[in-house]
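1. Next input, structure requested:
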Amino acid sequence: MNLDRTKPSILVLLDLSAAFDTVDHSIILDRLHNQVGISDSVLNWFKSYLTDRKMFVSMEGYSSKSYKITCGVPQGSILGPTLFNLYMLPLGSVIRKHGINFHSYADDTQLYIAMCPDDPGPIEALFNCILDIKSWMAKHFLQLNQDKTKVLFIGSEAQRQRINIQLNALALNPTSQVKSLGVILDSDLSFNPHIRNITKTAFYHLKNIARVRPFLSKASTETLMHAFITCGIDYCNALLSGLPKKNIAQLQLLQNSAARVLTKTRKTAHITSILKSLHWLPVCFRIDFKIILLVFKALNGLVPT
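-> I've put the predicted structure just below:
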């Protein structure tokens with residue numbers, strides 16, 4: 001997003017109701033044939049994959065009648081998101097004609113614009129874009145959940161007060177924070193709510209790990225630490241680059257606590273030597289390492305374009 005002092009941004013996270021369950025089979029097969037170029041036996045394979053599915057409920061040895069599934073793509077399958085992406089393909093043209101930036105994967109679609117607070121044009125374009133999206137989805141048996149669609153304004157407090165009036169007038173109710181792909185974004189991009197969420201969840205798991213630590217080997221405990229603690233610290237941590245140290249202090253405290261539980265070290269022991277013995281980089285260096293890794297991959301063509 002093009003965010004600076006003069007151009008705040010608006011992010012809209014669209015929410016679809018039961019998106020995968022309402023995909024029309026004839027439409028997706030038409031997409032595969034006319035837009036992807038699949039035909040003959042391969043197209044018949046996809047038709048066989050989508051059609052003649054049945055469902056029933058089984059509980060305690062009793063089963064309901066089976067019912068034929070006439071729409072939708074199988075959730076949890078490898079092909080499911082790919083087929084849904086193809087189903088949503090024309091939506092990009094609907095959004096582009098309004099000049100709105102967007103990212104979309106499967107049922108997750110995000111719109112974002114940069115704007116000047118005194119220019120109502122971008123907000124009106126965003127509102128009209130959402131109306132066209134709702135219309136397109138209705139024609140394709142999809143339902144936009146207006147109540148769960150989130151709007152986040154990113155900018156200063158003074159800018160937020162001015163823009164919120166315009167957003168409310170167009171029935172776009174902004175919120176102070178949203179969750180996007182597991183990351184909590186706030187209006188100031190301080191990431192404090194995200195960090196608090198990580199530490200709250202991880203300390204809960206760490207407390208449980210500490211209880212069973214006497215019965216576990218160091219290797220088994222370290223596996224648990226990586227599964228429940230460091231994965232949270234490292235997830236999308238490149239977004240935390242440039243934050244003041246006080247903002248990530250709680251993450252460092254979390255890592256220190258995990259290292260002490262793993263090594264059975266007292267709180268009075270110096271943490272630097274403990275982290276070094278585990279070959280654990282401190283949180284700020286883990287963030288720098290992630291940035292360096294992303295830059296290296298980008299320069300060497302190792303990331304998606």
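2. show me the contacts for the residue minimising distance to the centre of the chain.
-> The residue lying closest to the centre of the chain (C-alpha atoms, centre = their mean) is residue 181, at 0.9 Å. Listed by C-beta atoms under 8 Å, 6 or more residues apart in numbering, the contact partners of residue 181 are 108, 236. C-beta: built from backbone N, CA, C; applies to glycine.
3. Tell me how far it lies from residue 31.
-> From residue 181 across to residue 31, the span is 25 Å (C-beta to C-beta, to the nearest Å).
4. Model confidence score at the residue nearest to the centre of the chain, please.
-> pLDDT for residue 181: 89.
5. and if you look at residue 304?
-> For residue 304, the pLDDT comes out at 67.
6. one step back: how much space between the residue nearest to the centre of the chain and residue 222?
-> 27 Å.
7. do the same with residue 267
-> From residue 267 to residue 222 the distance is 20 Å (C-beta to C-beta).
8. which one of those two has more residues nearby?
-> residue 222 (17 against 8; other C-beta atoms under 10 Å).
9. Just the pLDDT for that one.
-> If you check residue 222, the pLDDT there is 97.
10. OK, contacts around it?
-> For residue 222, the contacting residues are 262, 278, by C-beta under 8 Å, 6+ apart.
11. and after the one helix or strand it maps to, which helix or strand comes next?
-> Secondary-structure assignment from DSSP states H and E places residue 222 in helix 218-225. Using DSSP H and E, the helix or strand that follows helix 218-225 in sequence is helix 231-234.
12. where along the stretch 51-200 of the chain do the helices fall?
-> 79-87, 91-96, 121-139, 157-169, 192-212 (DSSP state H, counting those that start in this stretch).
13. quick one on the thing from earlier: buried residues in the helix holding residue 222, which are they?
-> Buried residues in helix 218-225, counted by 16 or more other C-beta atoms under 10 Å: 221-222, 224-225.
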